[in-house]
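Student: For reference, the sequence and a predicted model appear below.
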Amino acid sequence: MKTVTVSLGDRSYPIHIEAGLLPRAAEFLAPLARGRPMAIVTDENVRPHLATLQASLAAAGVMTDAIILPPGEKTKSWAMLERVCDRLLELGIERSDHVIALGGGVIGDLVGFACSIVKRGCRFVQIPTTLLSQVDSSVGGKTAINTAAGKNLIGAFHQPAMVLIDPDVLDSLPARQVRAGYAEVVKYGLIDDFAFFEWCEANGPALLAGNADARIHAIAHSVAAKARIVAADEHETSGIRALLNLGHTFGHALEAEAGFSDRLLHGEGVAAGCALAFRYSVRRGLCPGQDADRVAAHFRTIGLPDGPAAAGIDAPSATLVGHMMHDKKMAAGTLPFLLAHGIGRTYLDKTVDLADVGVFLDAEPR
Ligand SMILES: NC(=O)c1ccc[n+]([C@@H]2O[C@H](COP(=O)([O-])OP(=O)(O)OC[C@H]3O[C@@H](n4cnc5c(N)ncnc54)[C@H](O)[C@@H]3O)[C@@H](O)[C@H]2O)c1
Ligand SMILES: [Zn+2]
């Protein structure tokens, strides 16, 4: 078993990673139950894994109440937040109870937010079931729902008490979803870890084919990187945590153009966005062209988009820049961008002129 700790003083928590962990999750959860039933929130696509988790808890004498929501991004809504909160209150949740979020980033974000407000805050455990949630969203305490004004605009920082990651659950995840999550794995290499990017080039295809060792290594390495960054800058105030947004400003514009739909998954937008951030850094004279080419080539090898055309987005640059103006990172008229001096050498740049980004995007193939 690999264990990574997120060091946040008295809110520190462990992330346990092991193949086959879900069937024996009760070893970790039963002590948290303190003889009371546990609520598990999940979505319909995760039902087989819910059954595994419930069997493990039942064998340990822990009763469970399942809240099963519809799958999909639309579930991160006011309506579902209300449903989860009302049900938890009906179940008599106490502040020291631990609610289990079993699912991808949608379930994790929604349940985390619900747990930040129910009785002014109860505990929760993340059991992420997508690669994206295993390497990114289950760690770090950002929780949110979407509203008419945009994605993730209502939420809270609320750290889980524990994260349990079983890579075996990825066996049932559609290949396209696994690939999308892999974009966030590559992102950690691109940010500040050239050796890990090289590892991705060598082992990415095996990981996507389901190789157990590659999965464990990628997940453990990614959560260790995220844990370090979160411990250094929990609330994204010093700029360190902002590094995790590499590729997300360009990616967000593409996702917005696709209507945040299955047309372009978040990770697909991130892959295209990272490739764009590197090419834009080349345009600015910051980064060698061969580094940008290498980033794009890796995404293409994996079957991830490396720009607007490959992402199926043909909108004019003015439309994409228009989406960027609504980015929640916009501050006093400027949008901070993550740019790169090379692979593994990114930094936050607050001097980017959106008009120049527009000219750059004009030259990108559609
Ligand atoms: N909080 C954060 O720090 C953070 C970071 C990144 C992304 N996010 C959020 O995460 C969300 C995306 O997460 P996601 O990509 O996990 O999406 P998701 O939760 O929608 O899961 C993707 C799909 O896979 C299904 N699924 C989940 N686990 C499965 C399994 N083991 N087998 C078969 N199907 C399974 C789901 O039902 C869904 O249809 C977005 O809302 C994004 O905003 C949050
Ligand atoms: Zn992301």
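Tutor: Yes, it's here. Ligands and ions are numbered 1, 2, ... in the order given.
Student: by contact count, what packs against the helix or strand that contains Phe360?
Tutor: Secondary structure assignment for Phe360, by DSSP states H and E: helix 354-362. Secondary-structure packing of helix 354-362 (3 or more Cβ pairs under 8 Å, 6 or more residues apart in numbering; DSSP states H and E): helix 266-283, helix 317-325. Any C-beta I mention is one placed from the backbone N, CA and C, and that applies to glycine too.
Student: buried stuff in that helix?
Tutor: Val357, Gly358, Phe360, Leu361 (16 or more other Cβ atoms under 10 Å).
Student: By residue count, which strand of this protein is the longest?
Tutor: strand 150-157 (DSSP state E).
Student: Using CSV, list the CA coordinates for that one.
Tutor: Provided in CSV are the C-alpha atoms of strand 150-157 (Å, rounded to 0.1, in the frame of the first residue of the first chain):
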residue,chain,number,x,y,z
GLY,A,150,-20.8,29.2,-15.0
LYS,A,151,-18.9,26.2,-13.7
ASN,A,152,-17.6,25.9,-10.2
LEU,A,153,-18.7,29.4,-9.2
ILE,A,154,-20.3,28.4,-6.0
GLY,A,155,-18.3,26.2,-3.6
ALA,A,156,-16.0,26.0,-0.6
PHE,A,157,-12.7,24.7,0.6
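Student: can you list contacts of whichever helix or strand comes after that strand?
Tutor: Heading C-terminal from strand 150-157, the first helix or strand you meet, by DSSP H and E, is strand 162-165. Where contact means Cβ atoms under 8 Å, 6 or more residues apart in numbering, the residues beyond strand 162-165 that reach it are 13-18, 21-22, 25, 28-29, 32, 98, 125-128, 134, 138-139, 219, 223.
Student: Just the CA coordinates for strand 162-165, please, in PDB.
Tutor: What follows is strand 162-165 as a C-alpha-only set of coordinates in PDB (Å, rounded to 0.1, in the frame of the first residue of the first chain):
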ATOM      1  CA  MET A 162      -9.300  10.500   4.100                       C
ATOM      2  CA  VAL A 163      -9.000   9.500   0.400                       C
ATOM      3  CA  LEU A 164      -9.100   5.800  -0.600                       C
ATOM      4  CA  ILE A 165      -7.900   5.100  -4.200                       C
END
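Student: Show me what that strand pairs with in its sheet, parallel or antiparallel.
Tutor: Here strand 162-165 is paired, per DSSP bridges, with strand 13-17 (parallel), strand 123-128 (parallel).
Student: Sheet partners, orientation included, of the longest strand of the chain?
Tutor: Strand 150-157 is paired, per DSSP bridges, with strand 142-147 (antiparallel).
Student: what's the partner strand in contact with?
Tutor: Against strand 142-147 from outside (Cβ under 8 Å, 6+ apart): 73, 76-78, 80-81, 108-113, 115-116, 151-158, 260.
Student: Now which of the residues you listed would you call buried?
Tutor: Here, 16+ other Cβ under 10 Å leaves 73, 76, 80-81, 108-113, 115-116, 151, 155, 158, 260 buried among the contacts of strand 142-147.
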